[in-house]
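Peer 1: Take this sequence and fold it.
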Amino acid sequence: MAINVKNENCVTVVKQLAEQLGVSYTAAIEIAAATALQAHSKTSKEAAASQIEQIIAAYQAHLPVDHYMNVEELYDDSGLFR
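Peer 2: All right, here's what the predicted structure looks like:
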């Protein structure tokens, strides 16, 4: 099976990667593709979501208790936003 790459930038970065890693162009493409797939895997997304939740929890832990407003404080008697 063959892939014909006609994008000069792509060819340039593949050559640079192959040179830096000391591998063939094919191996460089395989390594780059595998790395990209791993970075976008479901577990990576779950780990990122977990980190975001931890950051939010840490931020909220430092907020004063009275920081949050009640619904009654947001709207006046006519139902308009204050």
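
Peer 1: In contact with Ser24, which residues?
Peer 2: Residues counted as contacts of Ser24 (CB atoms under 8 Å, 6 or more residues apart in numbering) are Ala18. C-beta coordinates here come from the backbone N, C-alpha and C atoms, glycine included.

Peer 1: On the pLDDT front, check it for me.
Peer 2: Ser24 carries a pLDDT value of 93.

Peer 1: same thing with Ala32?
Peer 2: On the pLDDT scale, Ala32 gets 94.

Peer 1: Go through this structure and flag its longest helix.
Peer 2: helix 42-61 (DSSP state H).

Peer 1: what's in contact with it?
Peer 2: Gln38.

Peer 1: likewise stretch 1-20?
Peer 2: Ser24, Tyr25, Ala27, Ala28, Ile29, Ile31, Ala32.

Peer 1: switch the cut-off to 6 Å
Peer 2: Tyr25, Ala28, Ile29 (CB atoms under 6 Å, 6 or more residues apart in numbering).

Peer 1: just how off-centre is the helix or strand where Ala27 lies within its chain?
Peer 2: Assigned by DSSP states H and E, Ala27 belongs to helix 25-39. Mean-position distance between helix 25-39 and its chain equals 18 Å (CA atoms, centre = their mean, to the nearest Å).

Peer 1: Same question for stretch 14-31.
Peer 2: The answer for stretch 14-31 is 25 Å, by CA atoms, centre = their mean.

Peer 1: how long is that stretch end to end?
Peer 2: 10 Å (CA to CA, to the nearest Å).

Peer 1: swap in stretch 73-82?
Peer 2: Start-to-end, stretch 73-82 (CA to CA) is 8 Å.

Peer 1: pLDDT on it, on average?
Peer 2: pLDDT averaged over stretch 73-82 equals 81, rounded to a whole number.

Peer 1: Now restrict the contacts of stretch 1-20 to buried residues only.
Peer 2: Among those, those classed as buried by 16 or more other CB atoms under 10 Å are Ala28, Ile29.

Peer 1: Kindly reformat the contacts of stretch 1-20 as TSV containing distance to Glu73.
Peer 2: Converted to TSV, those look like this (distance: CB to CB, whole Å):
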residue	distance to Glu73
Tyr25	63
Ala28	59
Ile29	58
